[in-house]
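# Here is the input, now give the coordinates:
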Amino acid sequence: MNLLIVGAPGTGKGTMSELLIKAYDFSHISTGDMLRSAISAQSPLGLKAQSYMDEGKLVPDDLIHDLIVERLSQDDIQKGFLLDGYPRTLAQAEDLDHILKRLGLKIDAVIDLNVDEEVLSKRITGRRVCKDCGSIFHIDTHPSQKEGVCDNCGGELYQRHDDTLESLKTRLDAYHQSTQKVVDYYLEKGLVHMIDANDKPETVFEKIQEVLKELS
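Predicted coordinates:
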């Protein structure tokens, strides 16, 4: 089964992706991970991407296209994949359809995580991230044992500069202007399964599993 997971900032895409990968052994396809991997390997695509990022520019769609084609052509994709963070725009969604068709693949379902804005605000402003290992905590729902210190590596916890109410509003506006069009695109294809993600992660994951059972 091939899935796409979408949702506004703070809806739990990262957490749900981790649970899905662990439970179903999906190949995780994240453009962020692919970019970091390509740059680390200093591959031709990675060097191109780095040149844009060094100048503070967005990596263009044609380069993302090449990365996606390269990743979807690998053997492990045949066991099923989970797309996370892509496509972000309608143009990317349409391009992805062309890529998948060429490779004899398709999206089976789109998991759309929905969270009330008030809940999102609490999630975002309470999030703390480890500077060393990247572990994520929350001051209310998942606090570290020692305030400001990571349970996993002892690193310093900090609040990301974009984890503020003002930044959240900007990010939500950007999401609704671009990615919502992606959701609408897949809605027309009958692929979207809306998940109420206001609950605890384990409850949200159970809802997703129920959807996957129906599809299998």
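# Helices along this protein, start to end?
13-24, 31-41, 44-54, 61-72, 90-103, 117-125, 165-188, 201-215 (DSSP state H).
# Quick one: closest of the ones you listed to residue 156.
helix 117-125 (18.6 Å; Cβ to Cβ). C-beta: built from backbone N, CA, C; applies to glycine.
# Mind exporting the C-alpha coordinates of stretch 163-178 to PDB?
What follows is stretch 163-178, C-alpha atoms only, in PDB (Å, rounded to 0.1, in the frame of the first residue of the first chain):
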ATOM      1  CA  ASP A 163       7.000  27.600  17.400                       C
ATOM      2  CA  THR A 164       5.200  30.800  18.300                       C
ATOM      3  CA  LEU A 165       1.600  31.900  17.800                       C
ATOM      4  CA  GLU A 166       2.500  34.500  15.300                       C
ATOM      5  CA  SER A 167       4.600  32.100  13.300                       C
ATOM      6  CA  LEU A 168       1.900  29.400  13.500                       C
ATOM      7  CA  LYS A 169      -0.600  31.800  11.900                       C
ATOM      8  CA  THR A 170       1.800  32.500   9.100                       C
ATOM      9  CA  ARG A 171       2.400  28.800   8.500                       C
ATOM     10  CA  LEU A 172      -1.300  28.000   8.700                       C
ATOM     11  CA  ASP A 173      -2.000  30.700   6.100                       C
ATOM     12  CA  ALA A 174       0.700  29.300   3.800                       C
ATOM     13  CA  TYR A 175      -0.700  25.800   4.300                       C
ATOM     14  CA  HIS A 176      -4.200  26.700   3.400                       C
ATOM     15  CA  GLN A 177      -3.100  28.700   0.400                       C
ATOM     16  CA  SER A 178      -1.000  25.900  -1.100                       C
END
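# helices or strands up against the helix or strand bottoming out on mean pLDDT in the chain?
Lowest by mean pLDDT, DSSP states H and E among the helices and strands of the chain is helix 31-41, with a mean of 84. Using 3 or more Cβ pairs under 8 Å, 6 or more residues apart in numbering; DSSP states H and E, the elements in contact with helix 31-41 are helix 44-54, helix 61-72.
# and of the helices of the chain, who's closest to residue 154?
Of the helices of the chain, nearest to residue 154 by Cβ to Cβ is helix 13-24, at 22.1 Å.
# starting at the chain centroid, how far to that closest one?
10 Å (Cα atoms, centre = their mean, to the nearest Å).
# orientation of it relative to helix 201-215 in degrees?
Calculated by axes from the mean of the first three to the mean of the last three Cα atoms, to 10 degrees, helix 13-24 forms an angle of 60 degrees with helix 201-215.
# What are the buried residues along helix 13-24?
13, 15, 16, 17, 19, 20 (16 or more other Cβ atoms under 10 Å).
# Pull the contacting residues for residue 34.
By Cβ atoms under 8 Å, 6 or more residues apart in numbering, the contact set of residue 34 is 67, 68, 71.
# re the thing from before, and among the helices and strands packed on helix 31-41, the most buried is which?
helix 61-72 (a mean of 17; mean count of other Cβ atoms under 10 Å).
# residues in contact with that helix?
By Cβ under 8 Å, 6+ apart, helix 61-72 touches 29, 31, 34-35, 38, 45, 48-49, 52, 77, 81, 86, 89, 91-92, 95-96, 99-100, 103, 105.
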